[in-house]
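[1] Just the structure for this:
(2 chains)
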Protein chains: 2
Amino acid sequence: MENVAPPFELTQDYLDKFREAIDSQNEAYIRESLASVRHEDISALLEEFNAEQSKYVLKLLEKDVASDVIEDLDEDTRSKFLSVFHPIEISEYIEEMETDDAVDILNDLPIKVREEVIANLGNIEKVNYIIELLRYDEDCAGGLMAKELIRANVNWNVVQCVEEIRRQAENVEKIYAVYVVDDNDKLLGRVSLMEIIIAKSTTKIADIYNSEIISVYTYQKEEEIAEIMQKYDLEAVPVINVQGKLVGRITVDDIIDVITELADQEIKLMAGIAEDVEEDDNVWILSRARLPWLIIGLFGGLVGARFIGVFEEDLMKVASLAFFIPLIIATGGNVGIQSSALVVQSLASITAFETSAWKKFIKTLLVAILNGVVLSGLVYAFVFFLYGATLAFVVSVALFSVVMLASLLGTAIPLALDKIGFNPALASGPFITTTIDLLGLAVYFIVAHLLYNF
Amino acid sequence: MENVAPPFELTQDYLDKFREAIDSQNEAYIRESLASVRHEDISALLEEFNAEQSKYVLKLLEKDVASDVIEDLDEDTRSKFLSVFHPIEISEYIEEMETDDAVDILNDLPIKVREEVIANLGNIEKVNYIIELLRYDEDCAGGLMAKELIRANVNWNVVQCVEEIRRQAENVEKIYAVYVVDDNDKLLGRVSLMEIIIAKSTTKIADIYNSEIISVYTYQKEEEIAEIMQKYDLEAVPVINVQGKLVGRITVDDIIDVITELADQEIKLMAGIAEDVEEDDNVWILSRARLPWLIIGLFGGLVGARFIGVFEEDLMKVASLAFFIPLIIATGGNVGIQSSALVVQSLASITAFETSAWKKFIKTLLVAILNGVVLSGLVYAFVFFLYGATLAFVVSVALFSVVMLASLLGTAIPLALDKIGFNPALASGPFITTTIDLLGLAVYFIVAHLLYNF
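    As a prediction, this is how the structure comes out:
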């Protein structure tokens, strides 16, 4: 096992020693202790230090290692760190990166710094690539792709292809296949590295390339690309422009980040958190992200108060009516969240073909009726035993109606949001619960009012 | 573009024609129309048909295509479909699959069928592999890995290595690298295919292999493996046993499925859905998955009713107290869900190093105070204006306390669940809301009781 490097573990002990080494400018210790550490782990380590300390460490590393480390930092940390570097220094690191990573970083820099960094880049081809990539939105194929890839002309033979791989080996980080193009750079297909290894050196690329490949257009959205790569198990996908010309390549590691981010976002929306915050953001940002939905919920509560006020007379007569307010609205909320979460999930997964809306509606209705019957049956039994028949009847009828309402709204609202172009997960949080709370109260008090006044 | 196959689109029109072709046993049409369709798309198409119809279609496909199609079916559909096949037929398909996929399918078969299928497999090496893999849990590295991979002895040269690649090319679907082992099969490192292409044929593997690679043990959990592969951007990871011997390989496509599944599961837990259900499961399963948490919430509501009952006298005096019950518990619920979602997210992401619990606690407290002040300030203003000073004071003091409580519990409960080995997302759903509802009611009525009785 000694030969297989174990994942690095960041201990408090190591952290303390490292901090000491920085404070005492112990270059030898820092260099030596980081020599066998992967760049991803150095990034994690630097998250524990401030910009000046990190700059000191980064300067001690080889340029290519340092640029890998910078690539892998959390976005916020990176912006903070890079603010203490001179644009010329930043461009030296950018020079070492693949174009997609370079563009991600440039996009986060203040515009003036970005321009200076680009002006200081030495490699003209890279500058052109970067300027091309900068014009794409970050969430489409153009914004995700790297320009680095291996392309082979369809008229080449295997030897020429191997020559090209050798020539590009240093520039392209992960090579899975060679993309085959015609004289106009139109994408025709691919040859996997394995096929190149197996083929005779005189074999024509035209005879071995696979034309049945999947490509994406520069304008396609990241969600779509994630779906395609996941469905067809692709480790990389070529990107073409509207003319069918090969312009870049997206690798699976970037898509995994997209998938994780989208899931993250969905959970935050469901929990009613407005911005993309992390636990380690500062107090102001965290509060600001949470207040909007809380305030909306608050106004829902105030409207609810006014509404119950209408039934003050009933409450004066039967104070025990108030006892079941929490039960009614909590159940409504729970049912609503369950329903909307299921819909959101089914909207997120690719189904080539959808069962008819009508069938779906019937099913939702049946599940709601079943759940409603079980819950109101249970509640009837308990309330009858503790508070008598009338109240038991009121509570269980109201509960059944609330379960039905919450199921239907919990299903319909996300579908409607999705139709009009909003993220359906938006509906699963406080939005649904607030709406259902109010409707639940209405049902409860109207049922009670009718029953107690006849 | 004509040469680059576009993703297949399943239209209602195509579906109707295809159904007709099955009914009229139009073999020619089926064969021809599926000839250029990817196996993933055929799987999606078959989801629209029943077991007998699908069997008819599968029988018309080449064995290797049919086995790819079967691999890609949804688990439930697959079990249904395979139930109409004879074990001998199933073993013919299994024969075509990589061992990890074969084992996934075997695990879902009734034990008797599974044994018959294995007994009918012709390839002894594959049988041994499958029997080895069957003993691992599905959610650990051993259960995820495939036995198919390319291994090279460290004493070989590049030519020998290429020979091995050629020999195995048909058995191993996605080759990214060759794993280098010693005479005892101990994993020493890897050589990427690109390095093999670039190297001279007489080069010794010992001179070009990279020993700084990451491997995982057979017993490591899928969550851990997903983290590692995501962090280090790996397209495949070798699996070793406790002696360090190379026993298998996990590819990134399987890990993407794990990541998606875990996110899915988290959302379901947050929404209070007990089982792993999909929208297209039947009504009984859907109801059963939803009832447990609803019933727990219901009993929470009944306890709440008893609790409010204690304060019946206060309610008789000041009926308007009841008006704010929804506001108090809804805000408590919303704050609790937000807090727990943030904690769950931070627990799910890998941080090499955690800020101290003390620092976290202070921050949670500050955010809670800030939100509490804003919300209770708003509510004070409104209630003062509409209902007068005393009630405004009661409601805003209670609301502030509830926001504090909900923030702290919403943070503490998932952390505690995580510590004792439960999925922390469990806490974000009805569990937290029910707890906080009850505590919120307690705070509200106790504050009210104290203020109205002094």
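[2] Nearest residue to the middle of chain A?
    A:Glu261 (1.6 Å; CA atoms, centre = their mean).
[3] so what's the backbone phi/psi at that residue?
    Listed backbone geometry of A:Glu261 is phi -60, psi -40, with angles given as degrees, to the nearest 10.
[4] what does A:Trp293 give?
    Per degrees, to the nearest 10, the backbone of A:Trp293 is at phi -70, psi -30.
[5] what's the residue nearest to it when sequence neighbours are not counted in contact with, if anything?
    Closest residue to A:Trp293 apart from its sequence neighbours, by CB to CB, 6 or more residues apart in numbering or on different chains: A:Gly272 at 3.7 Å. To be clear about C-beta, it is placed using only N, CA and C from the backbone, and glycine gets the same treatment. The contact partners of A:Gly272, by CB atoms under 8 Å, 6 or more residues apart in numbering or on different chains, come to A:290, A:293-294, A:297, A:429-431, B:334, B:337-338.
[6] now A:Gly272: how far from A:Ser340?
    According to CB to CB, to the nearest Å, A:Gly272 stands 12 Å off from A:Ser340.
[7] Over to A:Ile295?
    Distance from A:Ile295 to A:Ser340, by CB to CB: 21 Å.
[8] Which of those two has more residues huddled nearby?
    A:Ser340 (32 against 16; other CB atoms under 10 Å in any protein chain shown).
[9] For the stretch 251-400 of chain A, give me the ranges with low pLDDT.
    Within the stretch 251-400 of chain A, the ranges that satisfy pLDDT under 70 run A:279-280, A:348-357.
[10] can you give me the helices in it?
    Using DSSP state H, counting those that start in this stretch, the helices of the stretch 251-400 of chain A run over A:252-270, A:283-310, A:312-317, A:325-348, A:357-387, A:389-419.
[11] just checking, what packs against the shortest one?
    Based on contacts counted as 3 or more CB pairs under 8 Å, 6 or more residues apart in numbering or on different chains; DSSP states H and E, the elements that helix A:312-317 packs against are helix A:430-452.
[12] tilt between the helix it packs on and helix A:325-348?
    Between helix A:430-452 and helix A:325-348, the angle comes out at 140 degrees (axes from the mean of the first three to the mean of the last three CA atoms, to 10 degrees).
[13] so what's A:Leu439 up against?
    Counting by CB under 8 Å, 6+ apart, A:Leu439 makes contact with A:332, A:402, A:405-406, A:409.
[14] Would you mind finding the most buried of the helices of the stretch 251-400 of chain A?
    Greatest average neighbour count among those goes to helix A:325-348 (a mean of 27), per mean count of other CB atoms under 10 Å in any protein chain shown.
[15] ok, and does it reach over to chain B?
    Yes: with CB under 8 Å from any CB of the partner chain as the measure, helix A:325-348 is seen reaching chain B through A:325-331, A:333-335, A:337-338, A:340-346.
[16] Do a quick rundown of the strands in the stretch 51-200 of chain A.
    For the stretch 51-200 of chain A, applying DSSP state E, counting those that start in this stretch gives strands covering A:151-153, A:177-181, A:187-192.
[17] To chain B, which of the ones you listed lies closest?
    Chain B lies closest to strand A:187-192 among the strands of the stretch 51-200 of chain A, at 5.2 Å (CB to the nearest CB).
[18] is it possible to export the helices of the stretch 251-400 of chain A to CSV including distance to B:Leu378?
    Listed next are these as CSV, based on distance: least, CB to CB, whole Å:
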stretch, distance to B:Leu378
helix A:252-270, 23
helix A:283-310, 6
helix A:312-317, 24
helix A:325-348, 20
helix A:357-387, 34
helix A:389-419, 26
